[in-house]
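Peer 1: quick one, what's the 3D model for this:
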Amino acid sequence: MVIAETTNTYTSLTSKQKESIGLLSTGTFLEYFDFFLYVHMAVFLNEYFFPKTDPHTSALLTAFAFCSTYVLRPLGALIFGYLGDNIGRKSTVVITTSIMALSCIVMANLPTYAQVGISAAYIVTIVRIAQGMASMGEVIGAEIYIMEVTRPPIQYSAVALIAVVGVLGGTVALGVATLITYTGFNWRLAFWFGAIVAVVGGIARNRLSETPEFLAAKQKQALQKNKTVEKVDKKSALALFLIHASWPVCFYFAYMYCGDILKNNMQQTAAQIIHQNFIVSMLQLLSWFALVFMSYKFNPLKIVRIRLAIFAIFIIVSPILFKYASSPMDILFIQSMIVVCGFMGIPVMPVLYKHFPVFKRFTFATFTYALSRALVYIFTSFGLVYLSDAFGHWVSLLVMTPVAIVYWYSIRHFARLEQETAINIT
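Peer 2: As a prediction, the model looks like this:
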């Protein structure tokens, strides 16, 4: 079994573990780079692939392009979840990386609306759906793989690093988007970069070995004469879903909702909005790096509880902050509070995943993640367009308060499971 070289504390990584983290981080970086490259350049790229419309219709088209990535993610989760739980973790992440590479190549060569008409919008949508489906075996697969080859406390930091690399991918995408909008740099080269990274990453991932925990479970299953069906606790599945569903709300308010305010209320250009979002992403990246180091020293459950308490105060005053925001710097402060203190799974995900059976873990982790993203992003992208008209900036309090409550309930549920596990061990 591949474990840390120390006997009891597991405070360091073996060379094999470091190699695995490096290979998996490459794919995670790619997935987030490709996804956020289009998301943050939507105000720019939609002009190439969608017909020109009035501002309201344009907002709905942007929401459609944004949500298209998530529509069939639950289906992708079931497909790649099945592969991950039956064929293996390694094979699944290699397959998904190959799909991401192909989608990048298509985007890099995609003709514009001016060239092929509405077909360009259809192709963009199909590519985004393919990327969304493939990403289900990518990010969650990487987290589960690292969780199964490491042990606490180094496990918490190692798994959290995957999420940080995802933020890094989004930050680099924003940097590239800023370069493109300010200098006229060819945006297609960015997608070619993503394709090259995916191809190299896919080839390199063949060096991965299957996780010892999965192999041990397979061996145990083979020795059993009467194979028992593993059962998943329904409350744990619901709690995991609610935690996964929390961050999309924060992401939408930080980048999409605030972006609309900068554009419509403060007359900021697309380039200025992208530049500000790049700053926000950098702050998010730094704060998540801090969480990686904190999880090495402190219990992840305590970390998320403290952050939730701080964010609850922000939620209460958020309508007032939005109402009196009069400059991009005011909006930057709001965005920073959301991405630094908002709801998220980092660094607590290993604590959650380990309470699911080995042969159900990949499927439930990916499916709850995919379903949460599909439902919440569709609701926030389309629903908030109308809720904002009805309630104004009070929509932040209206939406984020129930999310905070269910997030607290879910963290509390897994904290109880941890206590029960500790008692059973002793």
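
Peer 1: show me the shaky parts of the stretch 201-350 of the chain.
Peer 2: Counting by pLDDT under 70, the stretch 201-350 of the chain shows low-confidence ranges at 225-229.

Peer 1: list the contacts of the closest residue to residue 401 other than its chain neighbours.
Peer 2: With sequence-adjacent residues excluded and distances taken as Cβ to Cβ, 6 or more residues apart in numbering, residue 401 is closest to residue 315, at 6.1 Å. In short, each C-beta sits where N, CA and C put it, glycine included. The contact partners of residue 315, taken as Cβ atoms under 8 Å, 6 or more residues apart in numbering, are 396, 397, 400, 401, 404.

Peer 1: how about residue 315, secondary structure?
Peer 2: Classification of residue 315 using DSSP: H, G, I helix; E, B strand; the rest coil returns helix.

Peer 1: got it, and residue 387?
Peer 2: Look at residue 387: counting by three-state DSSP, its state is helix.

Peer 1: that one and residue 393 touch, don't they?
Peer 2: No - using Cβ atoms under 8 Å, residue 387 and residue 393 do not qualify as a contacting pair, with a distance of 10.8 Å.

Peer 1: shared neighbours of these two, which are they?
Peer 2: Taking Cβ under 8 Å, 6+ apart as the criterion, residue 387 and residue 393 do not both touch any residue.

Peer 1: on that earlier part again, what about the residue nearest to residue 401, distance to residue 347?
Peer 2: Residue 315 is 22 Å from residue 347, where distance means Cβ to Cβ, to the nearest Å.

Peer 1: what does residue 269 give?
Peer 2: Counting by Cβ to Cβ, the gap from residue 269 to residue 347 is 37 Å.

Peer 1: between the two, which one's more packed in?
Peer 2: Ranked by neighbour count (other Cβ atoms under 10 Å), residue 269 and residue 347 place residue 347 first, with 29 against 12.

Peer 1: which SS state does the more buried one fall under?
Peer 2: Residue 347 carries the three-state label coil when classified by three-state DSSP.

Peer 1: contacting residues for it?
Peer 2: If you count contacts by Cβ under 8 Å, 6+ apart, residue 347 has them with 156, 157, 159, 160, 163, 291, 292, 294, 295, 300, 303, 304.

Peer 1: quick one, phi/psi of residue 97?
Peer 2: As for residue 97, its main-chain torsions (degrees, to the nearest 10) stand at phi -60, psi -40.

Peer 1: can you pull the pLDDT of it?
Peer 2: We have a pLDDT of 78 for residue 97.

Peer 1: burial count for it?
Peer 2: Around residue 97 there are 28 residues (other Cβ under 10 Å).

Peer 1: and it, how far from residue 208?
Peer 2: Remark: distance between residue 97 and residue 208 (Cβ to Cβ) = 11 Å.

Peer 1: wait, what's in contact with residue 292?
Peer 2: Under the criterion of Cβ under 8 Å, 6+ apart, the contact partners of residue 292 comprise 157, 160, 161, 164, 346, 347.

Peer 1: and which of those is nearest residue 277?
Peer 2: Comparing the contacts of residue 292 against residue 277 with Cβ to Cβ places residue 164 closest, at 17.9 Å.

Peer 1: was I right to think the closest one contacts residue 289?
Peer 2: Yes - under the contact definition of Cβ under 8 Å, residue 164 touches residue 289, with a separation of 5.8 Å.

Peer 1: compare these two (neighbour count), which wins?
Peer 2: When residue 164 and residue 289 are compared for neighbours, residue 164 comes out ahead with 23 against 15, by other Cβ under 10 Å.

Peer 1: pull the number of nearby residues for the closest residue to that one other than its chain neighbours.
Peer 2: Take residue 164 and drop its neighbours on the chain: the residue closest to it by Cβ to Cβ, 6+ apart is residue 288, 4.7 Å away. Other residues lying near residue 288 total 22 when counted by other Cβ under 10 Å.

Peer 1: sec struct for residue 288, please.
Peer 2: When states are read from three-state DSSP, the local structure at residue 288 comes out as helix.

Peer 1: tell me how far it lies from residue 17.
Peer 2: Noted for residue 288: a distance of 21 Å to residue 17, by Cβ to Cβ.

Peer 1: SS state for the nearest residue to residue 376 once chain neighbours are set aside?
Peer 2: Closest residue in space to residue 376, ignoring its immediate chain neighbours: residue 248 at 4.2 Å, by Cβ to Cβ, 6+ apart. When classified by three-state DSSP, residue 248 comes out as helix.

Peer 1: strands of the stretch 201-350 of the chain, start to end?
Peer 2: Per DSSP state E, counting those that start in this stretch, the stretch 201-350 of the chain carries no strands over any range.

Peer 1: I'd like the contacts of residue 292 laid out as CSV, including distance to residue 133.
Peer 2: Output for those, formatted as CSV (distance: Cβ to Cβ, whole Å):
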residue, distance to residue 133
157, 29
160, 25
161, 25
164, 24
346, 23
347, 27
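
Peer 1: look at the closest residue to residue 246 other than its chain neighbours and say how many residues are nearby.
Peer 2: In space, residue 246 comes closest to residue 343 once its chain neighbours are excluded; the distance is 3.3 Å by Cβ to Cβ, 6+ apart. Neighbours of residue 343 under the rule other Cβ under 10 Å: 27.

Peer 1: swap in residue 354?
Peer 2: By other Cβ under 10 Å, the residues close to residue 354 number 19.

Peer 1: show me what contacts the residue lying closest to it once chain neighbours are set aside?
Peer 2: Leaving out its chain neighbours, the residue that sits closest to residue 354 by Cβ to Cβ, 6+ apart is residue 147, at 7.0 Å. Contacts for residue 147 (Cβ under 8 Å, 6+ apart) come out as 155, 159, 349, 350, 353, 354.
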